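Asker: I need the structure of the sequence given here:
(one chain, ligands or ions: 1)
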Amino acid sequence: SAATDYQAEDAKISQGTVATNHTGYSGTGFVDYTNVKGSSVEFTVAAAAAGPASLTLRYANGTGTDRPMDLSVNGTVVASAVSFPATADWNTWASKSVGVTLKAGSNTIRATATTANGGPNLDRISLGTPSDTQAPTR
Ligand code: GCU
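Answerer: The predicted structure follows:
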């Protein structure tokens with residue numbers, strides 16, 4: 001089934017800014033995480049029913065260094081230090097998918113930088129059924 005997109009620039013940003021200084025983003029911009037550990041973006045998403053879902057994050061990382069992030073659902077870390085490795089440059093976006101479990105109704109999904117470099121640039125997340133899980137792209 002079609003995944004539902006949530007733009008990072010519309011989410012709750014803690015230690016980051018909405019930016020447009022690179023190309024290829026969707027919506028009206030992307031989030032540039034502040035280069036500190038703990039910078040985060042939190043999305044509020046809707047699930048029709050409780051159960052497994054595929055969470056895909058579209059990101060860019062124009063440095064040579066991984067920008068890992070913890071992913072939490074409803075306040076609990078469900079995937080620790082998920083790798084967001086280098087993309088070709090800041091204009092090149094890649095996707096990373098992880099499986100999550102949602103409750104029916106409103107859920108929060110937060111992506112928090114685990115290193116002093118902060119997170120990658122984050123364009124959006126997409127939520128789909130488990131069959132929507134995408135292979136990592138680079
Ligand atoms: C550069 C780049 C930003 C990026 C930043 C970073 O300044 O233009 O888009 O967020 O590096 O290292 O996080």
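Asker: all contacts plus neighbour counts: C-alpha atoms, from now on.
Answerer: Will do.
Asker: Residue 34 contacts residue 15, correct?
Answerer: Yes. Between residue 34 and residue 15 there is a contact under CA atoms under 8 Å: 5.3 Å.
Asker: Tell me which of the two has more neighbours.
Answerer: residue 34 (20 against 17; other CA atoms under 10 Å).
Asker: Return the residues of the protein in contact with the ligand.
Answerer: 32, 35, 121 (CA under 6 Å from any ligand atom).
Asker: Nearest to the spatial middle of the chain, which residue is it?
Answerer: The centroid of the chain falls nearest to residue 57 when counting by CA atoms, centre = their mean (3.8 Å).
Asker: Any idea what that one is bridged to?
Answerer: residue 96, residue 125 (DSSP bridges).
Asker: got the contact list for it?
Answerer: Taking CA atoms under 8 Å, 6 or more residues apart in numbering, we find residue 57 in contact with 95-97, 122-126.
Asker: Closest one of the residues you listed to residue 110?
Answerer: Comparing these against residue 110 with CA to CA places residue 125 closest, at 10.4 Å.
Asker: The closest one touches residue 55, doesn't it?
Answerer: Yes. Between residue 125 and residue 55 there is a contact under CA under 8 Å: 6.8 Å.
Asker: Give me the more crowded residue out of those two.
Answerer: It is residue 55, of residue 125 and residue 55, that has more neighbours when counted by other CA under 10 Å, with 26 against 22.
Asker: Could you find the closest non-adjacent residue to that one?
Answerer: In space, and not counting its chain neighbours, residue 55 is closest to residue 127: 4.9 Å by CA to CA, 6 or more residues apart in numbering.
Asker: Now for that neighbour: which residues touch it?
Answerer: Residue 127 is in contact with 3-5, 53-56, counting by CA under 8 Å, 6+ apart.
Asker: Roughly how far does it sit from residue 4?
Answerer: Distance, residue 127 to residue 4, by CA to CA, to the nearest Å: 5 Å.
Asker: try residue 50
Answerer: 16 Å.
Asker: What strand or helix carries the closest residue to residue 131 other than its chain neighbours?
Answerer: In this structure, residue 131 finds its nearest non-sequential neighbour in residue 54, 7.5 Å apart by CA to CA, 6+ apart. Assigned by DSSP states H and E, residue 54 falls within strand 51-60.
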